[in-house]
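Novice: Let's see this in three dimensions:
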Amino acid sequence: MTDERRSWVATSETPDPELDLSFTLGDPRVTDAEIDQLCELARSGTAEAVPDRPFTVNRVAGIRGFAPVVVEEPPGRYRLDHDIAAFAGRVLENQRSRRREDRTRQALLAALASLPADYLRVLEELCAPPRPLESAVRGVEVDDPGTFASAVNTAARTHGISEPVMEASASTVRAAVPPDHLVGAVLHQLSRKAEQLELNQLAGFLATLGPDETALLRHLAGSEIADEAALRRLDPTGDHINEQARRSGLADRIGLPALLSRDDWNQWSLPANVRARLRDLWKPPRA
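Specialist: Residues are numbered from 1 along each chain as shown. Reported below is the predicted structural model:
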């Protein structure tokens, strides 16, 4: 490309080059192996080894309008752009640490999914809000702490986590220090369960509606109807949708006085979170 790229020096256009580099390195197209290679390059300054393939981070930087992160100079010898040399190592290590934590969280989520429901209930109690970290360190009493901790740790090891995540005393199990990863995984699991419950409730509500009510909701969720006459015909069904939502208790469960409301143009509208849930429900199945 012939257009001039922005340098990594702080300017009014690029006020925070460290943040810009972090976003660039965080692109999923930049692999963990390349991050490791770039960390080594930041430590050593230059490297003579020719990479197996072009640096993906340079392509991502180019897409974002920045100069290449890795420069070949002279031919066959590679270094980081001089403008990022002062802070690249710090940003790269942060990115590597963040990716390591993401892998740990995903492994813990997989481990949680393999545990029986009664174990999950104990873990949810162990990591309960409003102070989940304190709760996890304090622990919770169970009938057989040793067996419980062993089962959770075995599930974690099965998914690649070598360090124990649970420890047991005479009558108590607690998260091994530091408990952040376990607490984060359990809270994420609870969040997913809550979202699924909301989807199930919304799906049950949709099953009570007729085709006109469903058509209006699909329109409000993003499948726009261009036919003005059709929209006028469907408009009165909004009141029926609200009445059904009130009778079924759906409006109360999602904390709204009514599912639909009128906007400044007197058109029906949906809250953003309900619109997103409907899109999830009506998302076409993956091939």
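Novice: Low-confidence regions, the stretch 1-150 of the chain specifically.
Specialist: 1-3, 49-52 (pLDDT under 70).
Novice: mind listing the helices for it?
Specialist: Counting by DSSP state H, counting those that start in this stretch, the segments of the stretch 1-150 of the chain that form helices are 17-25, 32-44, 56-63, 88-113, 117-126, 132-138, 145-158.
Novice: Now tabulate those helices in a markdown table and tack on distance to Pro211 and mean neighbour count.
Specialist: All C-beta spots, glycine's among them, are computed from the backbone N, C-alpha and C. What follows is the helices of the stretch 1-150 of the chain, written out as a markdown table (distance: least, CB to CB, whole Å; neighbours: other CB atoms under 10 Å):
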| stretch | distance to Pro211 | mean neighbour count |
| --- | --- | --- |
| helix 17-25 | 45 | 19 |
| helix 32-44 | 49 | 16 |
| helix 56-63 | 44 | 18 |
| helix 88-113 | 37 | 17 |
| helix 117-126 | 38 | 16 |
| helix 132-138 | 45 | 17 |
| helix 145-158 | 46 | 18 |
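Novice: Pull out the buried residues from stretch 234-242.
Specialist: 234, 237-238, 241-242 (16 or more other CB atoms under 10 Å).
Novice: May I see those organised as TSV, with distance to Gly139 added?
Specialist: Below are those laid out as TSV (distance: CB to CB, whole Å):
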residue	distance to Gly139
Leu234	56
Thr237	53
Gly238	51
Ile241	47
Asn242	47
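Novice: tell me which of these is nearest to Asp263?
Specialist: Gly238 (11.6 Å; CB to CB).
Novice: helix/strand/coil for the closest one?
Specialist: helix (DSSP: H, G, I helix; E, B strand; the rest coil).
Novice: which residues are contacting stretch 53-67?
Specialist: 1, 5-8, 14, 20, 23-25, 27, 29-31, 34, 38, 68-70, 81, 83 (CB atoms under 8 Å, 6 or more residues apart in numbering).
Novice: What's the ChimeraX line that selects buried ones from those?
Specialist: Here is the ChimeraX selection string for the buried members of the contacts of stretch 53-67, based on 16+ other CB under 10 Å:
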select :7,8,20,24,25,30,34,38,68,69,70,81,83
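Novice: taking the contacts of stretch 53-67 one by one, which sit in strands?
Specialist: Residues of the contacts of stretch 53-67 located in strands (DSSP state E): Val70.
Novice: counting contacts, what elements does the helix or strand where His188 lies pack onto?
Specialist: Assessed by DSSP states H and E, His188 sits inside helix 180-206. Based on contacts counted as 3 or more CB pairs under 8 Å, 6 or more residues apart in numbering; DSSP states H and E, the elements that helix 180-206 packs against are helix 88-113, helix 117-126, helix 132-138, helix 237-248, helix 250-253, helix 272-281.
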